[in-house]
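> below are the sequence and a predicted model for it; my questions follow.
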Amino acid sequence: MSLISSSALRRTVQPTLAAVLLTSVSAMAVIAQDQPVTGGTLVYLEQQAHTNLYPPAGGFYPNSGILNQITDKLTWQNPETLQNEPWLAASWEINTDATEYTFKLRPGVTFSDGTPLDAAAVAKNFDVFGLGNKELGYPVAEAINNYDHSEVIDPQTVKFVFKAPAPGFLQATSVIGSGIVAPSVLEQPYAELGDATKIIGSGAFVVDSEVLGQSLNLKVREDYAWGPANIEHQGRAYLDAIQYIVTPEDSVRIGALLAGQADVIRQIQAYDEGQVEAQSYSVLSAPTRGVNNNAVFRPDNPLVADIKVRQALTAATNSAEIVQTIFSSHYPQATSVIASTAAGYVDLSDKLVFDLEKAKALLDEAGWVPGADGVREKDGVKLELSVYESLPQPQSRATFQLLSQQWAQVGVKLNVLAGDAGSAAVDRLDPLKTPVVSAMVGRADPDVIKSNFYPSNRDALLQKGGLNPNATFEDAKLNDLLLAIASEPDNAKRLELAGEAQVYILDQAYVIPIFEEPQVFAAAPYVHDVSFDAVARPSFYNTWLSPR
Amino acid sequence: MTRLLVSRIGQAAVVLLLAFTASFLLLQALPGDAILIKYQNPEMGLTPEQIAEIRVLYGADAPIWAQYGNTLWNFLQGSFGYSVQAGVPVNALLATNLPPTLRLASLGLVFAVLIAGVLAFAATLAPFAWLRNLLQSLPALMISVPVFWLGIMLIQIFSFRLRLVPIINPSEFQALILPVATLALPIAAPLAQILIRSLDEVQTQPFVSVARAKGASRPWVLWHHVLRNALLPVLTIAGVLFGELLAGAVVTETVFGINGLGRVTEQAVSYQDTAVLQAIVILAAVGFVLINLVVDLVAPLIDARLKNPVGASA
């Protein structure tokens, strides 16, 4: 795991006696880490209650924090190499054009209700994930493209057939949305899967009890013997139980952690990191390895239809200042459309240089001249844009307010709106009301670029054929590139295409990358080996508690 | 008495129907709805056709009058539909969340009444004028303290600094101490204010001087003669304060991370979870109706003049 707790990092860079002492302390901790202790309950404070626990709905952080412990996946994506390694699938074969995937399952795996996790069960899961189920209300999983059908070859072998090449499917079997659940789960109405006790998986933990909206208890599965093949720890998890407690208030989560009432907390704000580290608690951050936290333009809005305006606003954006002022070292400044830890990343920081003079010149060229109040005008129209703060993203409001100040320096006004969820959802589909939106997607596969921009996926630019029925804007070249990424069977070529897409998107100035979004957690000093999957979802399989 | 009851129940039914209709119309008038917020969210990556299918599934594609009729019919049968956001039936949501809120609110009210009573007596009987003034101005201070700030302060001081009560995994008794205090203090304030003023007013009446002249002590007169006369306005306010209790529960439950109707309401409002909101509006309306009925029934017991309404109005 490439995670370094920042307190450990500080210890090694201060060449003082205290540092030497502390280093020896952490050396002792390393010795202690060799012998994990079995037992204990981990108290985990979550900011929001989970919602529907249908695995493809696992993108929501509170859901994935639970699903990651109670379900297993066919493959395990090594967070260091981003390669897919065996888990529930012992081996697999992919045909040359990536339209057929055959998985050999690991024998002897059972769901927590005792039923076998066999080819039929896996086939049933992916049939629902890939095709949905209209009768019971199951939507299609975002990560699975071009799915056609499954074939059960023998009890341990399952084959998936695709309508068109699906090179992203192997990685899609490892994402949080592809946790395998017992077939009986998928026979219940979708609208009832918010009840965690109904989710039966094969994971290292099992749902024990739940108080809806307040707390959830998981207990260890004693007979668990099928962790990812290539990790050191096998057998049952070290913890006896995990207790999730929903604690919406930031200060209460942090206070409870520091007062010894909780062991791990999710979502700590950058401005709170200092007080956590000051007490030798650790701040754990993990990258989400996907599309960065970007400000996205809607070219259908006449104000930003002109590429020069978009380029000017890119030059007027000082993302370094945003990161330094609002965030911490755990939030790297963005240098491309996708994160530097993402698959297929290319460094495009030379396209993102902060240059006020260039910005002003571009706006002058585009015919926008400063008006009496300093805001630029053209044909009597003011260059005034709006953006909704995005509640799931860290300090979105502060980010856009600072951006608004930066753009004001070149005579562009940005209003930061904080509407109710309903208005925001409606306005988001109207480019005239939201010329700029905030968007990010976490997934460690080049498909993530398509997920964010393609009209039938998240449609960040609001293109024709997408979410906005009145859209006229369409960028055929971009869409071709995105489709090519999602269907190119050759991996090297695929990464190359991903690079081209990043260059193209920034050349068109469709987005302004701000920062690489991490998930930040804090843990007590006696909590060891909290691991994260490739997109920052915590796994407590390896976690153990040393005596306090 | 029976006639009174029957007419009050009839009124209640009308009030409930109006509350249902008004909330239904208002929720429909809001931009967007729960399905849009949840499924049109780009995070779900659904196509417009898939979202349309989900609408059909939730019955949200029907014309508005049909939806109104369906919802009303289901409500009459005790079925409140599904929470789009939480993914569970609304009945299950209410069954888990109503009891803790009822317990919190009723304990909050009991303690609010106790605090108000003690404060009002102390403010009236305290030995020095400056002390009386100080005590009399306390309710004004308590009213101005925001509930969420009070809650966070109580947690920081009593749980995190002094470590007297844990917030995470408390025992059932411990779990109630700080939330009840948080809820009770702001509710006690208006009660105390009204009780203090009303005690003051009644004290100036001639029958008090008569009782004192007969040799009764001040506290005795206050308890036996003044209080009973001063209680009526307080009782009326207590009925109205039920709304305050619900509002206070939203904040208290969120700050303390305990489940309850307040938290559910807050979530349902932010995600426009219409089915949940509709059920909560009806529950709240039922609560108001019941409490005001109780207040009306209790008032004559406190003030005998109200037993015969015709005589009282003469």
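Cool, the structure landed. Residues are numbered from 1 along each chain as shown, chains lettered A, B, ... in the order given.

> CA only for contacts and neighbour counts going forward, please
OK.

> show me what contacts A:Tyr224?
The contact partners of A:Tyr224, by CA atoms under 8 Å, 6 or more residues apart in numbering or on different chains, come to A:203-204, A:235-237.

> which regions of the chain lie under the pLDDT threshold?
The chain I'm using is chain A. Along chain A, the parts satisfying pLDDT under 70 run over A:1-34.

> other chain: chain B
B:1, B:41-45, B:307-314.

> out of the contacts of A:Tyr224, what pair is the most spread apart?
A:Gly203 and A:Gly235 (11.4 Å; CA to CA).

> show me which of those two is the more surrounded one.
Remark: of A:Gly203 and A:Gly235, A:Gly203 carries more neighbours, 30 against 14, as counted by other CA atoms under 10 Å in any protein chain shown.

> quick one: that one from chain B, how far?
According to CA to the nearest CA, to the nearest Å, A:Gly203 and chain B sit 22 Å apart.

> residues contacting that residue?
So A:Gly203 contacts A:68-72, A:111-112, A:221, A:224 (CA under 8 Å, 6+ apart).

> what do you get for A:Tyr331?
A:323, A:515-518.

> these in helices, which ones?
A:Val323 (DSSP state H).

> rewinding a little: could the contacts of A:Gly203 go into JSON lines alongside secondary structure?
As requested, these are exported to JSON lines (DSSP: H, G, I helix; E, B strand; the rest coil):
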{"residue": "A:Asn68", "secondary structure": "helix"}
{"residue": "A:Gln69", "secondary structure": "helix"}
{"residue": "A:Ile70", "secondary structure": "helix"}
{"residue": "A:Thr71", "secondary structure": "coil"}
{"residue": "A:Asp72", "secondary structure": "coil"}
{"residue": "A:Phe111", "secondary structure": "coil"}
{"residue": "A:Ser112", "secondary structure": "coil"}
{"residue": "A:Arg221", "secondary structure": "coil"}
{"residue": "A:Tyr224", "secondary structure": "coil"}
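
> of those, just the buried ones, PyMOL syntax please.
Selecting the buried subset of those in PyMOL, with 16 or more other CA atoms under 10 Å in any protein chain shown as the burial test, is done by:
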select buried, chain A and resi 68+69+70+71+72+111+112+221+224
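
> was I right about B:Pro89 contacting B:Gly81?
Yes: under the criterion of CA atoms under 8 Å, B:Pro89 makes contact with B:Gly81 at 5.9 Å.

> returning to that earlier point: farthest-separated two in the contacts of A:Tyr331?
A:Val323 and A:Pro518 (12.5 Å).

> which one's more surrounded, the two?
A:Pro518 (23 against 20).

> if we can go back for a sec, need the contacts of A:Tyr224 in TSV (columns: secondary structure).
Formatted as TSV, the contacts of A:Tyr224 follow (three-state DSSP):
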residue	secondary structure
A:Gly203	coil
A:Ala204	coil
A:Gly235	coil
A:Arg236	coil
A:Ala237	coil
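
> quick one, what contacts the closest residue in space to A:Pro435 that isn't next to it in sequence?
If the residues on either side of it in the chain are set aside, A:Pro435 comes closest to A:Arg298, at 5.1 Å by CA to CA, 6 or more residues apart in numbering or on different chains. Residues in contact with A:Arg298 (CA under 8 Å, 6+ apart) are A:304-305, A:431, A:434-436, A:460-462, A:510.

> make it 10 Å
A:304-305, A:428-437, A:460-463, A:473, A:510-511 (CA atoms under 10 Å, 6 or more residues apart in numbering or on different chains).

> can you list the domains in chain A?
Domain ranges of chain A: A:7-47+A:204-287+A:519-545, A:75-185, A:291-516, per automatic domain parsing.
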